[in-house]
Structure formats: structure tokens, C-alpha cells
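Undergrad: One predicted model, sequence on top.
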Amino acid sequence: MIGKRVQFHEETWQQLRLLASESMKSFQELADEAFNDLLRKHGHPASLEEALRRSAGESAKIIHLKSKTRETPKKR
């Protein structure tokens with residue numbers, strides 16, 4: 001994961017801390033949400049899945065794969 005240092009005005013930082021507390025989210029979760037919203041606002045995909053869906057087009061058929069998790073045997 002890439003890190004980047006940012007600076008906030010004191011008032012903004014206090015409001016972000018309050019929002020994080022009220023919504024029971026971490027600062028990282030708030031930042032992820034904010035940057036994803038910003039990317040979408042400017043017409044950029046926010047995830048690889050979103051980018052692939054766009055490149056495949058509207059008519060692309062989605063095939064869901066079965067998960068490869070092992071089922072535990074039932075106890076008698």
C-alpha cells in the first residue's frame with residue numbers, strides 16, 4: 001500500500017475525527033470513501049473490477065465462479 005502525508009487545518013481535522021467516531025469508521029475508511037467518490041465524480045473507475053466492467057461494455061455477460069473453499073465434513 002502506498003502512503004502519502006497530507007495536512008489539514010485544525011478545524012477540518014477535528015470534524016474528520018468526529019465523523020469517524022460517529023460513523024464508527026477509521027480515518028483510513030473515511031479517506032478511501034472520499035477518494036473513491038472523487039474518482040467517480042471525475043469519471044474514473046475506483047476499482048479494478050469497475051474498470052474491467054467498463055472495458056467489457058454494457059452487454060457483457062457476467063459469469064460467477066464457484067468458490068474453492070473446502071466444505072467441512074458433517075459430524076454424526
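TA: Yep, that arrived.
Undergrad: would you list every one of the strands in the protein?
TA: Counting by DSSP state E, no segments of the chain form strands.
Undergrad: low pLDDT regions in it?
TA: 58, 69-76 (pLDDT under 70).
Undergrad: And the helices in the chain, which stretches?
TA: Assigned by DSSP state H, the helices in the chain fall at 10-23, 27-41, 48-56.
Undergrad: what angle sits between the last one and helix 27-41?
TA: Read that as helix 48-56. 10 degrees (axes from the mean of the first three to the mean of the last three CA atoms, to 10 degrees).
Undergrad: picking that back up, and of the helices of the chain, who's closest to Met1?
TA: Of all these, the one in closest proximity to Met1, counting by CB to CB, is helix 27-41 (9.5 Å). Yep, even glycine has a C-beta here, placed from its N, CA and C like the rest.
Undergrad: for that closest one, packing partners?
TA: Counting contacts by 3 or more CB pairs under 8 Å, 6 or more residues apart in numbering; DSSP states H and E, helix 27-41 packs against helix 10-23.
Undergrad: Outside of the helix it packs on itself, list whatever touches it.
TA: 8, 25-27, 29-30 (CB atoms under 8 Å, 6 or more residues apart in numbering).
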